[in-house]
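Asks: Quick one, fold the following:
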Amino acid sequence: MSDHPSTFRGETGDTGTTAWDDRASLHAADDSGGVLDGGSALQRGTFAEMIRHLAALPQETRQRYVIAKAGDRRYSADEAMALASRPDFPAQDAG
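Replies: Now for the predicted structure:
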């Protein structure tokens, strides 16, 4: 899911794994994105942390947000909840 281009021919290397530790940010679903999108982040952390944050919100509130993951991929609340239910989703650190 988060396979970064290699330096050889700039191709994406499909590892079949999810990079839960990639940088991500939480945004309002209706923000315009664009060049200054990084400045509109409501919260930043790892991809897994942003999914956990979204999952902690009331269900009726989640649709107001999206997660922007490193590499310019945006995940809807529904996609984030599907990822949170995967068996390989990392457990929350105790601190």
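Asks: quick one: the residue lying closest to residue 86 once chain neighbours are set aside and residue 61, what's the gap?
Replies: Distances taken as C-beta to C-beta, 6 or more residues apart in numbering place residue 18 nearest to residue 86, at 7.8 Å, with adjacent residues excluded. (Each C-beta comes from the backbone N, C-alpha and C, glycine too.) Distance from residue 18 to residue 61, counting by C-beta to C-beta, to the nearest Å: 25 Å.
Asks: quick one: which of those two has more around it?
Replies: residue 18 (18 against 10; other C-beta atoms under 10 Å).
Asks: What strand or helix carries the more buried one?
Replies: For residue 18, there is no helix or strand it lies in under DSSP states H and E.
Asks: again, but for residue 74
Replies: strand 73-75.
Asks: Dump the next helix or strand after that strand to CSV, restricted to CA.
Replies: Downstream of strand 73-75, the first helix or strand assigned by DSSP H and E is helix 77-84. Output in CSV follows, covering the C-alpha atoms of helix 77-84 (Å, rounded to 0.1, in the frame of the first residue of the first chain):
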residue,chain,number,x,y,z
ALA,A,77,-13.2,7.2,6.9
ASP,A,78,-14.6,4.0,5.4
GLU,A,79,-11.2,3.0,4.0
ALA,A,80,-9.6,3.8,7.4
MET,A,81,-12.1,1.7,9.3
ALA,A,82,-11.5,-1.2,7.0
LEU,A,83,-7.8,-0.9,7.6
ALA,A,84,-8.3,-0.7,11.3
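Asks: ok, and for the helix or strand of the chain with the lowest mean pLDDT, which residues are buried?
Replies: Lowest on mean pLDDT, DSSP states H and E among the helices and strands of the chain sits strand 73-75, with a mean of 91. For strand 73-75, the neighbour count (16 or more other C-beta atoms under 10 Å) marks residue 75 as buried.
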